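Trainee: Here is my input; please provide its structure:
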Amino acid sequence: MKFVTPFVAALLLTAPSFADEATDAATAFIQSPVQQKLLDDMLSPEMVMTQMQAVAGQLPADKVDVLVKIVTEELDGIRPQMEAAMIAGAAQAFTIEEITALTEFYNSPLGTSAMGKMTPYMQQTMGSLGPAMQQMQGNIVQRVQTELQ
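Mentor: Reported below is the predicted structural model:
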């Protein structure tokens, strides 16, 4: 340890506090009301149904309801892990200043307005891609079967 310079020693001693500060900032960001509403909306039965319809096509209503219920329950089960991964990822990917700026923006009137439009935007986008997604899935199955024979 006598070969470690005072500067390097100081960096080593302060590194955990930077990590803790980044994790705290990321936690505040992910736990903010706007981000929680986005997660609520993204994991809602309505969004799941839109995505399922885009992928599965026109299923009978009773089958869609069962599928949506199953997927929603499974998503609810992993939400805590999802949030923990988002916090860890944000703490690693962004600087504390960036996380603070994101938090400030998304909690501002403009950011809140933009986030409020995110779910309808994604539902419309995913819904409009339904036929293309079905075609792509058919192409994948056909190509994989051909290539793996």
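
Trainee: Sketch out the low-pLDDT regions of the protein for me.
Mentor: 1-19, 52-58 (pLDDT under 70).

Trainee: ranges for the helices of it?
Mentor: 6-30, 33-42, 45-56, 61-93, 96-106, 109-128, 130-148 (DSSP state H).

Trainee: Comparing those helices, which comes out most buried?
Mentor: helix 45-56 (a mean of 18; mean count of other C-beta atoms under 10 Å). Using the backbone N, CA and C atoms, a C-beta is placed for each residue, glycine as well.

Trainee: E46 versus E83, what's the distance?
Mentor: Using C-beta to C-beta, to the nearest Å, E83 is found at 20 Å from E46.

Trainee: cool, Q35 as well?
Mentor: 19 Å.

Trainee: ok, now Q92?
Mentor: 32 Å.

Trainee: And for D20?
Mentor: Taken as C-beta to C-beta, the span from D20 to E46 is 37 Å.

Trainee: and if you look at I140?
Mentor: The value you get for I140 to E46, if C-beta to C-beta is used, is 27 Å.

Trainee: try P120
Mentor: 10 Å.

Trainee: next one: Q81
Mentor: 23 Å.

Trainee: and what of V64?
Mentor: Counting by C-beta to C-beta, the gap from V64 to E46 is 12 Å.

Trainee: now swap in I87 and tell me
Mentor: Counting by C-beta to C-beta, the gap from I87 to E46 is 26 Å.

Trainee: can you check A84 too?
Mentor: For A84, the distance to E46 - C-beta to C-beta - is 25 Å.

Trainee: before we move on, what about T72?
Mentor: 10 Å.

Trainee: Likewise for D40?
Mentor: 11 Å.

Trainee: With P80 instead?
Mentor: For P80, the distance to E46 equals 22 Å [C-beta to C-beta].

Trainee: before we move on, what about N139?
Mentor: Counting by C-beta to C-beta - N139 and E46 are separated by 28 Å.

Trainee: what do you get for A90?
Mentor: 26 Å.

Trainee: repeat for G138
Mentor: 26 Å.

Trainee: residue contacts, F94?
Mentor: 22, 26, 102 (C-beta atoms under 8 Å, 6 or more residues apart in numbering).

Trainee: at 10 Å instead, please
Mentor: 22, 25-26, 29, 100-102 (C-beta atoms under 10 Å, 6 or more residues apart in numbering).
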